[in-house]
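**Student:** how would this look folded up:
(one chain, ligands or ions: 1)
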Amino acid sequence: MKLVVATKNQGKMREFKDLFEGTGFEIFGLDDLGISVDVEEDGKTFEENALKKAVEIMKICGEVTIADDSGICVEALGGAPGVYSSRYAGERATDMQNNLKLLKEMEGVKNRRAHFYCAMAIAYPDGRTHVFTGRLDGKIAHDMRGRGGFGYDVLFELPEYNNMTSAQISSCLKNKISHRARALAKLKEYLTAQK
Ligand code: IMP
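**Tutor:** Numbering: from 1, shown residues only. Okay, the predicted model is just below:
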């Protein structure tokens, strides 16, 4: 069975291909299909954005399509930056600018609980849709640490791993425990049960 992943991100494509290896699913990305549309992520929730992206791309390619949306939610900031994670410090903000803004907002804040969240949607050409979710709990650090990962990883402490940040653990471990890996595992379980 053919599965289209609505992303141009080669890192995400690798994760999908690795996880589905040997399952009989054939994975294609937007670049493989020559699709260059950018679906606007204007929903209020991760679920809305993931569904919108999956449905729009499914309508273009006519194949079963998967799309995800993810971000970081900080308890003391009422869940911000949430769906605005990639543009927290402005439309074209860099990871560094986003992290500096988050550190500033968290100055003097005692409650540092936060989580990464991922919604993974699947859309079928017959109109059926499903959304699977995953989260990873942690805390916002007081300074940036680590060289791995991307985005907010340098600020995301993992109490279960000696308070290392998700930029300090190995990419292999991160790909096992991450919000995306957890949502993806649920999707894979669902798809393999359907076969
Ligand atoms: P998207 O799901 O690719 O749109 O990701 C949205 C934004 O959330 C990214 O630009 C990052 O800032 C943040 N984010 C999502 N997942 C992670 C992660 O695993 N580590 C660090 N930041 C993340």
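**Student:** Output the set of residues of the protein in proximity to the ligand.
**Tutor:** Contact residues, the chain versus the ligand (Cβ under 6 Å from any ligand atom): 68-72, 85-86, 98, 116, 149-153, 178. For glycine as for every other residue, the C-beta is placed from the backbone atoms N, C-alpha and C.
**Student:** run the last query once more with 5 Å
**Tutor:** Within reach of the ligand by Cβ under 5 Å from any ligand atom, the chain has these residues: 69-71, 85-86, 151-153.
**Student:** Between the residues you listed, which sits nearest the ligand?
**Tutor:** G151 (2.4 Å; Cβ to the nearest ligand atom).
**Student:** got a list of what that closest one touches?
**Tutor:** By Cβ atoms under 8 Å, 6 or more residues apart in numbering, the residues touching G151 are 72, 85-86, 95, 98.
**Student:** Just give me the neighbour total for G62.
**Tutor:** As a burial measure, the neighbour count of G62 was computed by other Cβ atoms under 10 Å and equals 9.
**Student:** wait, C73
**Tutor:** Counted by other Cβ under 10 Å, the residues lying close to C73 total 19.
**Student:** same deal with the one 4 residues further on?
**Tutor:** Counted by other Cβ under 10 Å, the residues lying close to L77 total 17.
**Student:** The closest residue to it other than its chain neighbours and the ligand: what is the separation?
**Tutor:** Setting aside the residues directly before and after it, L77 is nearest to E105 in space (Cβ to Cβ, 6 or more residues apart in numbering), at 6.1 Å. Plainly put, E105 is 15 Å away from the ligand if you go by Cβ to the nearest ligand atom, to the nearest Å.
**Student:** quick one: pLDDT of E105?
**Tutor:** Per-residue confidence at E105 stands at 98 (pLDDT).
**Student:** phi, psi of the residue in the chain sticking out farthest from the centre?
**Tutor:** Each residue of the chain has a distance to the centre, and by Cα atoms, centre = their mean the biggest one is for G108: 28.5 Å. Dihedral angles of G108 (phi, psi; degrees, to the nearest 10) stand at phi 80, psi 0.
**Student:** Quick check: pLDDT value at it.
**Tutor:** Looking at G108, its pLDDT stands at 98.
**Student:** got it, and S171?
**Tutor:** On pLDDT, S171 comes in at 89.
**Student:** same question, the one 5 residues further on
**Tutor:** For K176, the model assigns a pLDDT of 93.
**Student:** How about residues contacting whichever strand or helix holds it?
**Tutor:** Here K176, judged by DSSP states H and E, is contained in helix 171-177. The set of residues that contact helix 171-177 without belonging to it, under Cβ under 8 Å, 6+ apart, is 15, 136, 148-149, 153, 161, 166, 181.
**Student:** Make a ChimeraX selection of the buried ones in the residues you listed.
**Tutor:** Only the buried entries of these go into this ChimeraX selection, using 16 or more other Cβ atoms under 10 Å:
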select :15,136,149,153,166,181
